[in-house]
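pasting the sequence and the predicted coordinates here, then a few questions.
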Amino acid sequence: MKGLRLTEVRQRFVRNLGLRLLALLIAIGLWVFVNAAQHETQTDLVIPVQYTGLPPGLMIINEHPQFVNLRISGPQTLLSLLDPGRMTVHLDLRGVTPGEADYKITTDMFHIPRQTSIEQITPSQITLDIDQIVTKSLPVHLDTSGEVADGLEIASVQLQPATVAVTGPQRMLRNLGSLDTVPLDVQGLAADVTREIALADSGPLIRVPVTQVMVTVHLGDVIAERQFHNLPITVRNTSLRAMVIPHTVSLAVRGPQRALNGLSLNKAVFIDAEDLRVGWYEAPVMVDLPKGLQVVRQQPEKVKLRIYR
């Protein structure tokens, strides 16, 4: 009888052994899964921020976050169910006025499952700088780079349009006196030029209705002075002998620099002795100059002139 019982026990033990082992493995797996699911952990979420209700005529002028970061703790299975897209922070800006406005980001703004908790919010406060939107007419200013050809300068600039009405924050436009163009390269320029040129970037908050203007640059001579010393004085229009005291003069001549650079006044300074007879005279000193040049200082202006045979 004892041998039969052992055989029966062994048969019962090996009966459906495969199914029993499978059931055991499933049970162990479920135990591991449940315990792992209940394991406390943390996760960081990036939550969008939406600003709504800003009154017409106002705008936000400072950099402000488009997202806040949440650190949430709780069971892993619950944390895995959180969807940042459904946790958007809505900041209601109705009723704000120009100036700074602070908004605290608190835990009650987020709907999270029970057994989870918010450990940290970054940033926990958002400060908005609000300003009034205004329109202002600004003159366009041509910015240049380089130097025009020697002896020339930019005499005048024509811009079309010459003024542009821009829209933006009142505080920014209050200190903005003009709209600059991008630099126009005038290096070595020797003749008038007309071309289209872009306006420089005024920043993301200022709306400029045009992006380019037409510019015409007119060149003119650089006006300068040149000193001449100890120029000999000649006597013209007489057949008699003459003596001049003093016999030299110093001059300052004003005119286009290009004309002055090559100017020579040898034999250009003289006394007109026409109709003068023998004797002593106080005679004005005269200068022959090319057109466009003029004497601005002279020493002496008159000299003593002796006419004799």
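All right, it came through fine. Numbering: from 1, shown residues only.

burial measure for T127, as a count.
As a burial measure, T127 scores 11 neighbours (other CB atoms under 10 Å). Backbone N, C-alpha and C define where each C-beta goes, glycine included.

can you check the one 4 residues further on too?
Using other CB under 10 Å, D131 has 19 neighbouring residues.

let's number from 9 now, not from 1
Sure, I'll start numbering at 9, so the last one becomes D139.

for the host helix or strand of it, buried residues please.
Here D139, judged by DSSP states H and E, is contained in strand 133-149. Buried residues in strand 133-149, counted by 16 or more other CB atoms under 10 Å: 134, 136-139, 141, 144, 146, 148.

low-confidence ranges in the stretch 109-258 of the chain?
Segments of the stretch 109-258 of the chain classed as low confidence (criterion: pLDDT under 70) are not present in this model.

show me where it has its strands.
All strands of the stretch 109-258 of the chain, identified by DSSP state E, counting those that start in this stretch, fall at 125-130, 133-149, 152-153, 160-168, 171-177, 187-188, 192-193, 201-206, 220-229, 231-240, 242-244, 249-253, 256-264.

now render those strands as TSV, adding distance to T51.
What follows is these, written out as TSV (distance: least, CB to CB, whole Å):
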stretch	distance to T51
strand 125-130	10
strand 133-149	23
strand 152-153	54
strand 160-168	58
strand 171-177	39
strand 187-188	49
strand 192-193	56
strand 201-206	48
strand 220-229	51
strand 231-240	76
strand 242-244	102
strand 249-253	105
strand 256-264	78
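
go through the ones you listed and name the closest to P64.
Between P64 and the strands of the stretch 109-258 of the chain, the tightest spacing by CB to CB is seen for strand 133-149, at 8.6 Å.

that closest one pairs with which strands, and in what direction?
Using DSSP bridges, the strands paired with strand 133-149 are strand 66-68 (antiparallel), strand 107-112 (antiparallel), strand 171-177 (antiparallel), strand 187-188 (parallel).

ok, and what's touching the first one?
The set of residues external to strand 66-68 that reach it, using CB atoms under 8 Å, 6 or more residues apart in numbering, is 59, 62, 104-106, 136-141, 177, 213.

the residues you listed: which two are farthest apart?
Using CB to CB, the contacts of strand 66-68 span at most 18.3 Å, a distance reached by T105 and L213.

comparing the two, which residue is more hemmed in?
More neighbours surround L213 than the other of T105 and L213, with 16 against 9 (other CB under 10 Å).

give me the phi and psi for the more buried one.
phi -90, psi -10 (degrees, to the nearest 10).

in the one helix or strand F278 maps to, what counts as buried?
Following DSSP H and E, the helix or strand that holds F278 is strand 277-280. Residues of strand 277-280 classed as buried: 277-279 (neighbour count, 16+ other CB under 10 Å).

so which bits of the next helix or strand after it are buried?
Scanning forward in sequence from strand 277-280 by DSSP H and E, the next helix or strand is strand 287-292. Within strand 287-292, the residues scored as buried using 16+ other CB under 10 Å are 289, 291.

any idea of the angle strand 287-292 forms with strand 249-253?
With axes from the mean of the first three to the mean of the last three CA atoms, to 10 degrees defining the directions, strand 287-292 sits at 50 degrees from strand 249-253.

now the helix or strand just after strand 287-292: how far from the chain's centre is it?
From strand 287-292 onward toward the C-terminus, using DSSP H and E, the following helix or strand is strand 294-295. Computed by CA atoms, centre = their mean, to the nearest Å, the chain-centroid distance of strand 294-295 equals 55 Å.

give me the mean pLDDT for strand 294-295.
Averaging pLDDT along strand 294-295 yields 96.

gap between L87 and P121?
Separation of L87 from P121 (CB to CB, to the nearest Å) stands at 9 Å.

ok, I34 next?
Computed with CB to CB, the distance linking I34 and P121 is 27 Å.

more neighbours, these two?
For I34 and P121, the more surrounded residue by other CB under 10 Å is P121, and the numbers stand at 13 against 10.
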